[in-house]
Every structure is written in C-alpha cells, then in structure tokens.
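J.: Structure for the following, please:
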Amino acid sequence: MTTPEYFPLVDVSGTPHARGVQHGRAVPERVAGGIALYRAQLGRRGLDDATIRQLAQSMLPVIAAYDASYLEEMRGIAEGAGVALEDVVMINCRTEMLFGYADMKQATAPAIDAASSEDGDCTGLVVLPARSASGRLMHAHNWDWRQECVDTGIVLRIRAENGPDILSFTEAGALARHGFNSHGVSLTGNSLTCDEDFRKGPGVPLVLLRRRVLEAANLAQAMKTIWASKRYCANNMILAQASGNDGSGISLETSPGEIFWTLPENDLLVHANHWMSPAATLKLRDPGLPQRPDSIYRQHRVDNALRRVEGRIDWSDVKAALADEFGKPDGVLRTPKPADFSSISATVATTLMDAANRVMWVARKPYEARHFREYTL
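T.: This next block holds a predicted model:
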C-alpha cells in the first residue's frame, strides 16, 4: 500500500501582511503551482503574459476598495513565496480573470466564455442537528475543479488579530475557499451560471467575499455580507452556524442582480450546480446547465441517499453519499475526465466539517482512496 497523501496545514497569525508572508513561505512550491496552472489556462484562452498582468493590475483597486487588508495579505504572500503580486492576485481573482476577462475593459481580451463554471461541478450539503448522529450540525462538500489542484490545495488556519479564527480549505496563495470560524459559522460554495454574469460591472471577487463571510460573527452577519456586496457573477453559497447541539443553515443562490434562498427540508439541505429556488428558475436563464446536466441527478441522488438513512445520519452516511459514482465519470464523485481548454476535471477534495467541535476532515483525490486527515481549529 502507498502512504496516503494529505493537504498541508499552514498556520498564520499576526498582521495581514505578516500572515501573508507566513503563508507564502510555508508553501512556495504550491503557490508556484497555482500560478503555473492559471497562467496556462489563461494562455489557452488567448491571453499573453502582458494581458494577464494587465488584468491582475486592474483588480488591485477593486481589492483595495473592498478591504485594503486583503491586498496587504496578498502582498505578504507574494513576498513570502518570492513571486509577483500580480500572480497572487491572479490566484485570488481567477474566476473573474478566467471567465470575465472580456468585460474587464481590456482592449486585447477575447470574448467571454459565458458557459464556463467557476468551481467545476461541486456538491454541498448540510445536516441539521435533529438528523445528525452526533447531535451537531454537519456541513460537507465535494470540490470538483482542475486535477492539478490536488497539489496546490492547503488547509489554512488563521489566528486573526481582530475577528474570529478561521480554518479554511483553499488553494495556496488564496485567502479562502470554504471552511468555518471560531463562532461556528461555516461556508461552502458551488458554481452557478446565469445570463447576467460579468455584465453588470465590477463586483467583489468571490474569494474575497468568501473570506469576508468566514469572518462573520454569526449566520445573520454572514448573510448580510453577501447581500451588501456587489457580485461579478452567479454563485451558490451554503451557509450555516453550529452552536453546541443547535444550528441552522441556508442556501443562497446569488446572481449579479439578486439573491434567492432555499432552506433545509426535514433537516437536510443539498445543492449542486443548478438553480433550485423556484423564483430563480423563472427569472434567470442558465447557460451552463446544458454543459453539466448531471447537476440535476447529483443533487437528487445525494439528497435521496441521506433521506433513506434510517434514524440519524452519521459521517459514514455522508461519506458514502459524496462517494457516489453513478454516471461515472460524471458522478457526485468526479473521476478525472477531459474538460475545457485542455484541462482535466476531477473531485480535488472531499471536506467534512463539524464546526461546533472545531474540526474538519479532508480527503485528497477521493476518487483514488478516501483517506481523511483531521484538522482542528
């Protein structure tokens, strides 16, 4: 048997710049890997190095206007990893640069790839305490994206000077992806598309919005953060807050112009990559769904698998639901397959979160073996 491989834990603390330096110094090879990945992806879209740099520079005032401390943290990451600030910005704004470059007012940019998805084909879920075997809220996620990210992912543990501590699974060089904080607020994100994407002007890059959500004191503040932020493109965010043997969760489907929500039914909430709010399906056109119709059965199969559990749901039930390979390679568990722009899509990681107990388990390359490593806040 081969020794299981896991994502490294990166501990940071202090000022934003100091945290960034610690982050970059801890995993410079993973930051470099992410830079190489997204430079190649942008290159395949027809962008040369000068245009990529120009795009990244155009995001600097957007980042600074939203939160100057985030830009300082990125400067620190660049310094610690020995790379250019623009390269770290590219990692943090890769959604906007990969899929919205034509609307970022660059004269040399080609047309937008409107049907592309930000996070590939992800599946997220929440089990409320009333159905949980532990009596605590369960929050879990399959992150489906570029196969190379199995070697660029990290678990980032942030000891903040102000605000809650955070444990986040993310890409090296990025400020956040999904995770939870010391107040029990948890977050996962799934891609969505709509015909408004990148057509309503500048907004908050998704990575920064997710980081801000993970700094929230409670679920209400997390939701207010999303409502208060202008958005470039559609996205689904499952939010929850766990407190001892109590908790609540909600799915927010966001477009650049509106926010729609769905709540748990019978203490379960599952979301994949299609709009589920009846109001959203009536108002928005989804250009991405023809490219990933499997989202419909992925959501349904995970939901059904959990509802069929007799009694309370434990982590083995959640793991099994997220390991469903029906429709392989287009299953809940994504086995590697060709994707757009000469890339390979796969389930990079499965993440399980017990935020009330301040613990996260993450499996790398779960399509090969589901070995989970425990990380604690």
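
J.: can you give me the strands for the stretch 201-350 of the chain?
T.: 235-243, 246-254, 259-262, 268-271, 337-338, 344-354 (DSSP state E, counting those that start in this stretch).

J.: The shortest one pairs with which strands, and in what direction?
T.: Spelled out, that is strand 337-338. Partner strands and pairing direction for strand 337-338 (DSSP bridges) are strand 344-354 (antiparallel).

J.: next structured bit after the partner strand?
T.: Moving toward the C-terminus from strand 344-354, the next helix or strand (DSSP states H and E) is strand 359-364.

J.: what packs against that following strand?
T.: Counting contacts by 3 or more C-beta pairs under 8 Å, 6 or more residues apart in numbering; DSSP states H and E, strand 359-364 packs against strand 153-160, strand 166-171, strand 344-354, strand 372-376. Bear in mind the C-beta positions are built from the backbone N, C-alpha and C, glycine included.

J.: which one of the ones you listed lies closest to residue 365?
T.: Proximity to residue 365 (C-beta to C-beta) singles out strand 344-354 among the helices and strands packed on strand 359-364, at 7.6 Å.

J.: quick one: average pLDDT of that closest one?
T.: Averaged over strand 344-354, pLDDT sits at 96.

J.: okay, it in PDB with CA atoms only?
T.: Presented in PDB, the C-alpha positions along strand 344-354 are these (Å, rounded to 0.1, in the frame of the first residue of the first chain):
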ATOM      1  CA  ILE A 344      -8.700  17.600 -16.600                       C
ATOM      2  CA  SER A 345     -11.700  17.900 -14.200                       C
ATOM      3  CA  ALA A 346     -11.900  15.800 -11.000                       C
ATOM      4  CA  THR A 347     -13.000  15.800  -7.400                       C
ATOM      5  CA  VAL A 348     -10.000  17.500  -5.900                       C
ATOM      6  CA  ALA A 349     -11.100  17.100  -2.300                       C
ATOM      7  CA  THR A 350     -14.000  16.000  -0.100                       C
ATOM      8  CA  THR A 351     -14.400  18.100   3.000                       C
ATOM      9  CA  LEU A 352     -16.400  17.300   6.200                       C
ATOM     10  CA  MET A 353     -16.900  20.000   8.800                       C
ATOM     11  CA  ASP A 354     -18.100  19.800  12.400                       C
END
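
J.: follow-up on the earlier one: could you identify which of the strands of the stretch 201-350 of the chain has the lowest mean pLDDT?
T.: Mean pLDDT is lowest for strand 337-338 among the strands of the stretch 201-350 of the chain, at a mean of 89.

J.: Quickly list what residue 142 is bridged to.
T.: residue 123, residue 350.

J.: With residue 337 instead?
T.: Bridge pairing for residue 337 - DSSP bridges - gives residue 345.

J.: pretty sure it contacts residue 327?
T.: No. Residue 337 is beyond contact range of residue 327, at 11.2 Å (criterion: C-beta atoms under 8 Å).

J.: that older thread, how about JSON lines for the helices and strands packed on strand 359-364, with distance to residue 234 and mean neighbour count added?
T.: Converted to JSON lines, these look like this (distance: least, C-beta to C-beta, whole Å; neighbours: other C-beta atoms under 10 Å):
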{"stretch": "strand 153-160", "distance to residue 234": "24", "mean neighbour count": "22"}
{"stretch": "strand 166-171", "distance to residue 234": "20", "mean neighbour count": "25"}
{"stretch": "strand 344-354", "distance to residue 234": "19", "mean neighbour count": "24"}
{"stretch": "strand 372-376", "distance to residue 234": "30", "mean neighbour count": "15"}
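
J.: Of all those strands, which one is nearest residue 125?
T.: strand 344-354 (10.1 Å).

J.: check contacts around residue 238.
T.: 124-126, 139, 141, 187-190, 249-252, 269, 271 (C-beta atoms under 8 Å, 6 or more residues apart in numbering).

J.: Tell me who's in contact with residue 257.
T.: 196, 200.

J.: again, only using 6 Å
T.: Residues near residue 257 by C-beta atoms under 6 Å, 6 or more residues apart in numbering: residue 196.

J.: Torsion angles phi and psi at residue 191?
T.: Here is the backbone geometry of residue 191 (degrees, to the nearest 10): phi -70, psi 150.

J.: Give me the distance between it and residue 172.
T.: Look at residue 191 and residue 172: by C-beta to C-beta, to the nearest Å, they are 21 Å apart.

J.: of those two, who's got more company?
T.: Set residue 191 next to residue 172 and count neighbours by other C-beta atoms under 10 Å: residue 172 wins out with 29 against 25.

J.: Correct me if wrong: that one contacts residue 29.
T.: No. Applying C-beta atoms under 6 Å as the test, residue 172 and residue 29 come out as separate, 8.4 Å apart.

J.: circling back: pipe the strands of the stretch 201-350 of the chain into CSV and attach distance to residue 37 per row.
T.: Compiled in CSV, the strands of the stretch 201-350 of the chain are given as follows (distance: least, C-beta to C-beta, whole Å):
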stretch, distance to residue 37
strand 235-243, 21
strand 246-254, 26
strand 259-262, 31
strand 268-271, 26
strand 337-338, 16
strand 344-354, 11
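
J.: how deep is residue 326 tucked in, by neighbour count?
T.: Neighbours of residue 326 using other C-beta under 10 Å come to 12.
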